[in-house]
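Enquirer: Would you be able to build a 3D model of this:
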Amino acid sequence: MMENSNGNNGEGKVLNFIEARRKLMEEHGTTSRGARSPLLEPIRKALKAPANAPLFDSFIHAPDSNYDLIRNLVEDHDIQAPAKEIFQALAHLGIEKLLNEAREQYRPDFWRQSVDTARAATRLAIAVSDWSSAEKIWLKLEERAIENGSPDPKLQQQVLFELGALLTRRGEHDSATEYYLLCETLARADNDLSRLASIRIQLGGAFLELKQSDEALRCFQMADDYLREGAPDKTLAADIALGAAIAHAQMGDLEQALSGLERSLEISANGGAPATRAAAFFHRSRVLGALGRNSDAFDSLASAIGVAREDDNLDSRITLLYELFDVCVECGRWGDFFLELLSCMDRVHAAEQFRLLGSLLVLSAKANSERGLLHLALRNLEEAAYLYNAYEDADRFEEVNHAIERLRAEISKQKNPS
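Expert: The predicted model follows:
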């Protein structure tokens, strides 16, 4: 009886919190540029064309797949605007479509499909950095559930968990913590040990970002306790070992951190998520670097890149390559570095993800400049500037042009020393 009372009280807290959050979003939430775009109606009309409908369906689930669609809109339907503005308008229309689908799919006793659709809408919102719309997607799904009576507590847990993860990704760790704690209140009511472990892992991650290492470590220890009571789960176990190791590293206990990272890698070798395995290699590299083992740090980071390569995660590969550059400055393994860089460039070309090539060219310029090959670095930057201009990325184009000016001045100074 006590548990039911706690559960009902928890549900009331959840509904009150979500209602307060919804009002806050209505009063202060930003409206995306896509929602205000004058392109919405002409694009909406153009998307009814037989050639565009399947491209739009592909786009809303994979936002990177937009080049053919944008080209059709510009060339066949005379949509005259920068590609970035067309992309934002398309994303808004995609979110609108997916949110309607999620509402239609919702049934009180069958809501998982609507959650999957809401996730797709969230990915689309994040692709255009529309965090306000991303949060509203989940608030509207909860609203839809309330329209059909008292929502399933499992759905409420899922919505709160997704909102916590969203705010964690945005860097709003204090707000994320509120969502996770409310989710935990509901999960305790039905003794969902797996969910409780997952929540404590996410809470631990939020405390790590806030540099509250002791609190983070307690969260991971609680998650481990929940996991021991419930069914074995290698994915969660690897996450727990990873999080605890990062907490130890923040506290300066590097040997304990290294041991925990090895444990996470051992678990994830047979059942962990690729992202967890890559993160363990990455943090292992950081710890090894702090211990002065720079060549070992390079190898560990190269292993993280290998995981991203197997998972065909180009964004992750590029991020890790920038980290590899920093390690390479310390250990000088430029041959190995350029092999990884060229491999990533080859994959970008094969996947026709040319928007990513600019970052790789800038990185190549940094490496060539570090090695004293300034003319090669200049050529890399000029190619990057051409790409950013072609993709109408004004901020990066300006940034690279400033770098070109500085490099040209340095080359001129070397030719004509005073």
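Enquirer: Show residues contacting stretch 408-418.
Expert: 374, 375, 378 (C-beta atoms under 8 Å, 6 or more residues apart in numbering). For every residue, glycine as well, the C-beta is placed using N, CA and C.
Enquirer: so how far is it from its chain's centroid?
Expert: 42 Å (C-alpha atoms, centre = their mean, to the nearest Å).
Enquirer: May I see the buried residues of that stretch?
Expert: Residues of stretch 408-418 include none that count as buried (16 or more other C-beta atoms under 10 Å).
Enquirer: export stretch 81-100 as PDB, just CAs?
Expert: C-alpha atoms of stretch 81-100 as PDB (Å, rounded to 0.1, in the frame of the first residue of the first chain):
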ATOM      1  CA  ALA A  81      17.500  30.700 -50.700                       C
ATOM      2  CA  PRO A  82      20.800  29.600 -49.100                       C
ATOM      3  CA  ALA A  83      21.000  25.800 -48.500                       C
ATOM      4  CA  LYS A  84      21.200  26.300 -44.700                       C
ATOM      5  CA  GLU A  85      17.800  28.100 -44.700                       C
ATOM      6  CA  ILE A  86      16.200  25.500 -46.900                       C
ATOM      7  CA  PHE A  87      17.600  22.800 -44.600                       C
ATOM      8  CA  GLN A  88      16.100  24.600 -41.500                       C
ATOM      9  CA  ALA A  89      12.700  24.900 -43.200                       C
ATOM     10  CA  LEU A  90      12.800  21.200 -44.300                       C
ATOM     11  CA  ALA A  91      13.700  20.200 -40.700                       C
ATOM     12  CA  HIS A  92      10.700  22.200 -39.300                       C
ATOM     13  CA  LEU A  93       8.300  20.500 -41.800                       C
ATOM     14  CA  GLY A  94       9.900  17.100 -41.000                       C
ATOM     15  CA  ILE A  95       9.400  17.600 -37.200                       C
ATOM     16  CA  GLU A  96       5.800  18.700 -37.900                       C
ATOM     17  CA  LYS A  97       5.200  15.500 -39.900                       C
ATOM     18  CA  LEU A  98       6.800  13.200 -37.400                       C
ATOM     19  CA  LEU A  99       5.100  14.800 -34.400                       C
ATOM     20  CA  ASN A 100       1.700  14.300 -36.100                       C
END
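Enquirer: what comes up buried for that stretch?
Expert: 81, 83, 85-99.
Enquirer: and stretch 393-403, how far from the chain's centre?
Expert: The answer for stretch 393-403 is 24 Å, by C-alpha atoms, centre = their mean.
Enquirer: sorry, back to before: which member of the contacts of stretch 408-418 is positioned nearest residue 192?
Expert: The closest of the contacts of stretch 408-418 to residue 192 turns out to be residue 378 (C-beta to C-beta; 58.1 Å).
Enquirer: For the helix or strand containing that closest one, name the packing helices and strands.
Expert: Using DSSP states H and E, residue 378 maps to helix 374-390. The contact analysis (3 or more C-beta pairs under 8 Å, 6 or more residues apart in numbering; DSSP states H and E) places helix 374-390 against helix 357-370, helix 394-415.
Enquirer: what's the most buried one of those?
Expert: Compared across the helices and strands packed on helix 374-390, helix 357-370 shows the largest average neighbour count, a mean of 21 (mean count of other C-beta atoms under 10 Å).
Enquirer: outside of that one, which residues touch it?
Expert: For helix 357-370, using C-beta under 8 Å, 6+ apart, the contacting residues are 318, 321-322, 325, 328-329, 334, 337-338, 341, 344-345, 348-349, 374, 376-378, 380-381, 383-384, 387-388, 391, 393, 396, 400, 403, 407.
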